[in-house]
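Trainee: next input, structure requested:
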Amino acid sequence: MTNRGVDRSVECTGSIQAMISAFEYVYDGWGVANLVGVPSKDDVFKTHPMNFLNERTLKGTFYGNYKPRTDLPNVVEKYMKGELELEKFITHTIPFPEINKPSNLMLKGESIKCIIRMDE
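Mentor: Numbering: from 1, shown residues only. Model prediction:
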């Protein structure tokens, strides 16, 4: 689309091909690709080594710059005031004996967040 490249790219789909493209389309020398999406556990990120040697930067994160110790109290306060709807992100409720199931659901792209019930 740009016919040259971009300064920064952000990939948030989890598609391995989108991740590779986001990295390969940033400018040599100063381009930065930020990977936020979670790929399938079997996906492999393949690119030519020259993409790194040309000083492109690849960054990734699971939770961005979130810092639980300082940010969590603000999240709780917003939730208690009704300013933050968390329920819409809960896709499954799992009993404790099935504690490994949420990770498998997330890797398959079938879940956003699970609640693990300790009393079941």
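
Trainee: which residues touch the helix or strand T93 falls within?
Mentor: T93 is part of strand 90-95, with elements assigned from DSSP states H and E. Residues from elsewhere that reach strand 90-95 (C-beta atoms under 8 Å, 6 or more residues apart in numbering): K101, P102, L105, E110, S111, I112, K113, C114, I115, I116, R117, E120. C-beta coordinates here come from the backbone N, C-alpha and C atoms, glycine included.

Trainee: where's the helix or strand of the chain at the bottom of the mean pLDDT ranking relative to the chain centroid, distance-wise?
Mentor: Ranked by mean pLDDT, DSSP states H and E, the weakest helix or strand in the chain is helix 101-107, scoring a mean of 85. Its chain's C-alpha centre and that of helix 101-107 lie 14 Å apart, by C-alpha atoms, centre = their mean, to the nearest Å.

Trainee: which element follows that helix toward the C-terminus?
Mentor: Using DSSP H and E, the helix or strand that follows helix 101-107 in sequence is strand 113-117.

Trainee: buried ones in that next one?
Mentor: Buried residues in strand 113-117, counting neighbours by 16 or more other C-beta atoms under 10 Å, are found at C114.

Trainee: quick one, it and strand 90-95 angle?
Mentor: For strand 113-117 against strand 90-95, the angle between stretch directions is 20 degrees (axes from the mean of the first three to the mean of the last three C-alpha atoms, to 10 degrees).

Trainee: contacting residues around strand 113-117?
Mentor: By C-beta under 8 Å, 6+ apart, strand 113-117 touches F89, I90, T91, H92, T93, I94, P95, F96, I99, K101, P102, L105.
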